[in-house]
Each structure stands twice: as C-alpha cells, then as structure tokens.
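>>> Can you look at this prediction? I've put the sequence above it.
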Amino acid sequence: MNLDVLGDWLTLETLQDWWSTANRFVRFWGPVVALPGLAAPVSLLGSLLSLLILSGVAIAGLATFIVAALMLYFMLNEVFGLSIDLAVA
C-alpha cells in the first residue's frame, strides 16, 4: 500500500495534492496524538529518551572503535616495529 501511495505522490500535479499525499505518507505523530490523557506526552517523552540513549550507545561504540584502532596502530608501530603508511593514490 505504501508503494501505491508513493507512486501516486510522484505523479501529482498540484502542490496541494502533493502536500496532502506527502502528509498521509509520512504521518509520524499520528499514533502519539491519538492516545488519551497523559499517555500521549508520556509515550512521546519515552520515545525521545530511548532515542537519546540509543544515540549515546552508538557514539560510545564509535569512540571505543577509534580507541581500539589507535591502540592497535601504536602496538604495531612501537612494540613490533611495523610501519604503517597511508598514501593517497
């Protein structure tokens, strides 16, 4: 169904038709707004908090990889005497 909506979206002629179809296709806040009472803000804050935590985990993983790669380079260079040179071809 999403492919049909996307195909219709690409063949639209007026800006208003394009905007309404794009709005239907990318409805991000639909499930959050329809919740009753305090469930909407709580679920919104929970999703933002989980996004923040997962971004922190990804950044920490990248930092760990960079530190491990640097330590491997220093071990190979200083301990074993292996020279690694990078050159642009």
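Looks like it came in fine.
>>> Where does pLDDT dip in this protein?
1-14, 18, 21-35 (pLDDT under 70).
>>> As a check, name the ranges of all helices in it.
Assigned by DSSP state H, the chain shows helices spanning 2-10, 15-25, 30-33, 39-74.
>>> Would you map out the domains in this protein?
1-34, 37-89 (automatic domain parsing).
>>> Need phi/psi at L86.
Phi and psi for L86, reported as degrees, to the nearest 10, are phi -100, psi 130.
>>> now it: how far from L49?
40 Å (Cβ to Cβ, to the nearest Å). Placement of C-beta: from N, CA and C, glycine included.
>>> Which one's more surrounded, these two?
L49 (10 against 4; other Cβ atoms under 10 Å).
>>> ok, L44 - how many residues close by?
Neighbours of L44 under the rule other Cβ under 10 Å: 14.
>>> what's the answer for the one 3 residues further on, then?
Applying other Cβ under 10 Å, we find 11 residues neighbouring S47.
>>> now do the one 5 residues further on
Using other Cβ under 10 Å, the number of residues around L52 comes to 10.
>>> do the same with the one 4 residues further on
With neighbours defined by other Cβ under 10 Å, the count for G56 comes to 10.
>>> Repeat that for L15.
That count, for L15 with other Cβ under 10 Å as the rule, works out to 8.
>>> from here on, count from 427
Right, with 427 as the first residue, what we last looked at is L441.
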